[in-house]
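Novice: Provide a 3D model corresponding to the input given below.
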Amino acid sequence: MATTLRPRATLARVGDAAARFASFDRSTQTRLRDFATSLARARGMSAIRDPEESFSRHVLDSLALLPTMEKHLDVSHARLVDVGCGPGLPGLVLAVAKPEWKFTMMDAQAKRIAFVQESAHKLQLNNIQAVQARAESFGREEEHREAYDAAVARAVADTRVLAELCLPLVRVGGYVFAAKGVEPHDEIQNARGAVELLGGHVHDVAEVDSQCEQGARTVVVIGKIQTTPEKYPRREGIPNKRPL
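Specialist: All right, here's what the predicted structure looks like:
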């Protein structure tokens, strides 16, 4: 019987996200706070309308992923893809914190990609590429298939779905970082078969420095250990309708 992984709080201690933000120069801090405000005010980008809550729930929540990501990514100039990036989370915030990393921001909605492009300009980022695409077709394109050191996903989706959309994009030896809520262990156990079928292995489940009403949020770390079979991802809409 497989052993259930439990989150290790030691990977991200309380205050890590705020400490990372405090390490930025004043200009960068101002740009990130302005981003949180514009996100709160932009129509259709976020349900959170208060700028301070937007800063905490979006900017600091994104920065909270970094300790776990930095622990596993051993390349100094990593190439990452933010799958289903929405209005640019977490990729835009991570791109500010890690200017040596290159990010491809991918989302199916043109309005979101336009907001990402505008925000990247305001944040003075030159390590961002924004692409409008469906993840199912994106993962089949030669330019992108198994081309990234890591994929990151903050979207609300079952791990089986995220695995099918993200693992085809990651090189063997790379990782998928999927932001999750509290105690995702039953979901992870149910996803193990799909993850292995797609060439991955659930490497870790770690607590991060971000809280919700139920407790500390988590990030699921999936390692890519072998090539994803060519038939995945399946055609548009199928991963959500019929998870592996």
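Novice: how far away is the nearest residue to residue 108 once chain neighbours are set aside from residue 141?
Specialist: By the measure of C-beta to C-beta, 6 or more residues apart in numbering, the closest residue to residue 108 outside its immediate chain neighbours is residue 134, 5.0 Å from it. Quick note: C-beta positions are derived from backbone N, CA and C, even for glycine. As judged by C-beta to C-beta, to the nearest Å, residue 134 and residue 141 stand 11 Å apart.
Novice: for this protein, longest helix please?
Specialist: Of all the segments assigned as helix in the chain under DSSP state H, the longest by residue count is helix 26-41.
Novice: where do the helices of this protein begin and end?
Specialist: In the chain, helices defined by DSSP H lie at 16-22, 26-41, 51-54, 61-63, 66-72, 91-97, 110-122, 135-138, 159-166, 185-197, 238-241, listed in chain order.
Novice: who are the packing partners of the lengthiest strand in the chain?
Specialist: As assigned by DSSP state E, the longest strand anywhere in the chain is strand 200-212. Under the contact definition 3 or more C-beta pairs under 8 Å, 6 or more residues apart in numbering; DSSP states H and E, strand 200-212 sits against helix 16-22, helix 66-72, strand 170-180, helix 185-197, strand 215-224.
Novice: would a markdown table of these with distance to residue 86 be doable?
Specialist: Formatted as a markdown table, the entries for those read as follows, by distance: least, C-beta to C-beta, whole Å:
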| stretch | distance to residue 86 |
| --- | --- |
| helix 16-22 | 19 |
| helix 66-72 | 18 |
| strand 170-180 | 12 |
| helix 185-197 | 21 |
| strand 215-224 | 17 |
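Novice: before we move on, back to that, neighbouring contacts of the longest helix of the chain?
Specialist: Counting by C-beta atoms under 8 Å, 6 or more residues apart in numbering, helix 26-41 makes contact with 21-22, 24, 45-46, 48-55, 58-59, 87, 92-93, 96, 119, 122-124, all of which sit outside it.
Novice: ok, now stretch 139-146?
Specialist: 81, 104, 138, 165, 168-172, 227-228, 232-233.
Novice: for residue 195, what are its contacts?
Specialist: 159, 160, 163, 167, 201, 202, 222.
Novice: distance of it relative to residue 163?
Specialist: In this structure, residue 195 and residue 163 are 5 Å apart, going by C-beta to C-beta.
Novice: need the overlap of contacts for those two.
Specialist: Shared contacts of residue 195 and residue 163, defined by C-beta under 8 Å, 6+ apart, are found at residue 222.
Novice: which stretches of the chain aren't confidently modelled?
Specialist: Segments of the chain classed as low confidence (criterion: pLDDT under 70) are 1-15, 211-215.
Novice: neighbour count: residue 134 and residue 141, which is higher?
Specialist: Between residue 134 and residue 141, counted using other C-beta atoms under 10 Å, residue 134 has the larger neighbour count: 16 against 13.
Novice: got the phi and psi for that one?
Specialist: When read as degrees, to the nearest 10, the backbone of residue 134 gives phi -80, psi 140.
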